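*Asks:* sequence unavailable; structure follows:
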């Protein structure tokens, strides 16, 4: 019985108690599905019964569909059930002498009187078979001297339980639904599904981390592409001068003498960077009228290490704004600037320069100054 009940639990995605009380009474719907009333005691005395519809599937596929397997079990247990008269699905033969009944044959319903009258131990069944079911062997690890690997750990008996099967089925269905709990919740509420089955499960944790990682990569790539398009249209992006910078260094980078002197004195500083030609935007040829966040895509933008403290404070503010806004709102508005700062600016400075700037970071990043008051989260 253990393998039959385990397959029933896997196909129906129900717990072990429900499997033990599957009824004989059912209704076949157009040879496509079977309808029956099952019992789920954990819901409380007033919510024990639930009507379910299980797909029958094509002929020859009974082991792959819950409805087809249920009808197959009805057929296989029919003779035994005629002898014992049970209203439940499970009815089997046993050796009457071994059961102490004094007769050679005995047909009985193992769960009619009590759900615990007949022990179903999947783990013991897996371990005591002529060819035991073993868990996957552990990979070889490094030896004590960290040079020669030890022998792989031999496979241990597979630990099987109805709770583990139910959890595996819940995890598989949740993944199939893309992690959408309202769609994945079948026999349990969403809080119960998450708390009792998904939370802490290593499979669902690894899958969620993979999905989240892919989403973050996709968001960063989208922001990067938006930044590259904006930088291409606005003169190629910011001019970054790491290390100590004076008027001569700025002139060597292509800035005119007057602008280089003004930039060195801080006279061209804007919100977080400097602008070498506010009166002529590279895209329009006219006075700049864009927001300070668009400076990070502009060829007139100049960044030196003196700007690092304000830029680091701005990154913190953008991260805080990301926690306050939905990703689809944050990404187009702040994502391109965030990518430009991280990849085109901070990457050109040394760790020592960044560490020194971190200590001088201002408390207020001034991000609210570029926002419309009615748009603040």
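*Replies:* Yes, it's here. Remember, it's a predicted structure, so these values are computed and weren't measured experimentally. Residues are numbered from 1 along each chain as shown.
*Asks:* tell me where the model's unsure across the stretch 201-350 of the chain.
*Replies:* 227, 230-231, 233-235 (pLDDT under 70).
*Asks:* hey, where'd the helices end up in it?
*Replies:* With DSSP state H, counting those that start in this stretch, the ranges of helices along the stretch 201-350 of the chain come out as 202-233, 247-252, 257-264, 308-324, 327-339.
*Asks:* same list (these) but as JSON lines, adding distance to residue 295 and mean neighbour count.
*Replies:* Quick note: C-beta positions are derived from backbone N, CA and C, even for glycine. As requested, the helices of the stretch 201-350 of the chain are exported to JSON lines (distance: least, C-beta to C-beta, whole Å; neighbours: other C-beta atoms under 10 Å):
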{"stretch": "helix 202-233", "distance to residue 295": "11", "mean neighbour count": "14"}
{"stretch": "helix 247-252", "distance to residue 295": "17", "mean neighbour count": "16"}
{"stretch": "helix 257-264", "distance to residue 295": "14", "mean neighbour count": "17"}
{"stretch": "helix 308-324", "distance to residue 295": "11", "mean neighbour count": "18"}
{"stretch": "helix 327-339", "distance to residue 295": "8", "mean neighbour count": "18"}
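*Asks:* end-to-end on stretch 253-272?
*Replies:* Stretch 253-272 has an end-to-end distance of 20 Å (criterion: C-alpha to C-alpha, to the nearest Å).
*Asks:* that one: how far from the chain's middle?
*Replies:* Mean-position distance between stretch 253-272 and its chain equals 47 Å (C-alpha atoms, centre = their mean, to the nearest Å).
*Asks:* who are the packing partners of the helix or strand residue 192 falls within?
*Replies:* Here residue 192 sits within helix 190-192, counting by DSSP states H and E. Under the contact definition 3 or more C-beta pairs under 8 Å, 6 or more residues apart in numbering; DSSP states H and E, helix 190-192 sits against no other helix or strand.
*Asks:* try 10 Å
*Replies:* helix 181-184 (3 or more C-beta pairs under 10 Å, 6 or more residues apart in numbering; DSSP states H and E).
*Asks:* got the buried residues for the helix it packs on?
*Replies:* Buried residues in helix 181-184, counted by 16 or more other C-beta atoms under 10 Å: residue 184.
*Asks:* I'd like the mean pLDDT over that helix, please.
*Replies:* Helix 181-184 shows a mean pLDDT of 80.
*Asks:* what's in contact with that helix?
*Replies:* With contacts defined as C-beta atoms under 10 Å, 6 or more residues apart in numbering, helix 181-184 is touched by 170-178, 189-191, 193-194, 197-198.
*Asks:* stretch 258-270 too?
*Replies:* 241, 245-256, 274-278, 288, 292, 295, 300-302, 304, 306-307, 310.
*Asks:* what about the helices in the stretch 51-200 of the chain?
*Replies:* Counting by DSSP H, counting those that start in this stretch, the helices of the stretch 51-200 of the chain are 66-76, 78-84, 122-128, 162-176, 181-184, 190-192.
*Asks:* between helix 202-233 and the longest one, find me the angle.
*Replies:* Relative orientation of helix 162-176 versus helix 202-233 (axes from the mean of the first three to the mean of the last three C-alpha atoms, to 10 degrees): 20 degrees.
*Asks:* so which bits of helix 162-176 are buried?
*Replies:* 162, 165, 166, 167, 168, 169, 170, 171, 173, 174.
*Asks:* surely the second one touches residue 13?
*Replies:* Yes: at 8.9 Å, residue 165 counts as touching residue 13 under the criterion of C-beta atoms under 10 Å.
*Asks:* just put the helices of the stretch 201-350 of the chain in a markdown table and tack on distance to residue 185.
*Replies:* Below are the helices of the stretch 201-350 of the chain laid out as a markdown table (distance: least, C-beta to C-beta, whole Å):
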| stretch | distance to residue 185 |
| --- | --- |
| helix 202-233 | 14 |
| helix 247-252 | 62 |
| helix 257-264 | 60 |
| helix 308-324 | 27 |
| helix 327-339 | 24 |
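*Asks:* among those, which is nearest residue 31?
*Replies:* Nearest of the helices of the stretch 201-350 of the chain to residue 31, taken as C-beta to C-beta: helix 202-233 at 35.9 Å.
*Asks:* chain center to that closest one, what's the gap?
*Replies:* 14 Å.
*Asks:* again, but for stretch 22-41
*Replies:* Worked out by C-alpha atoms, centre = their mean, stretch 22-41 lies 34 Å from the chain centre.
*Asks:* got the end-to-end distance for it?
*Replies:* Stretch 22-41: ends 13 Å apart by C-alpha to C-alpha.
*Asks:* what does stretch 107-126 give?
*Replies:* 25 Å.
*Asks:* can you pull the buried residues of that stretch?
*Replies:* 107, 108, 109, 110, 111, 112, 118, 120, 122, 125, 126.
*Asks:* ok, stretch 27-38 next?
*Replies:* 33, 34, 36, 38.
*Asks:* tell me who's in contact with the third one.
*Replies:* The reference is to residue 36. Here residue 36 is in contact with 22-27, 50-54, 67, 70, 89 (C-beta under 10 Å, 6+ apart).
*Asks:* quick one, what contacts the nearest residue to residue 334 once chain neighbours are set aside?
*Replies:* Using C-beta to C-beta, 6 or more residues apart in numbering and skipping the chain neighbours, the partner closest in space to residue 334 is residue 318 (5.1 Å). Taking C-beta under 10 Å, 6+ apart, we find residue 318 in contact with 293, 330, 333, 334, 335, 337, 338, 341, 342, 365, 367.
*Asks:* closest one of those residues to residue 93?
*Replies:* Of the contacts of residue 318, the one sitting nearest to residue 93 (C-beta to C-beta) turns out to be residue 330, at 65.8 Å.
*Asks:* quick one, what contacts residue 167?
*Replies:* Residue 167 touches 161, 196, 197, 198, 201, 203, 204, counting by C-beta under 10 Å, 6+ apart.
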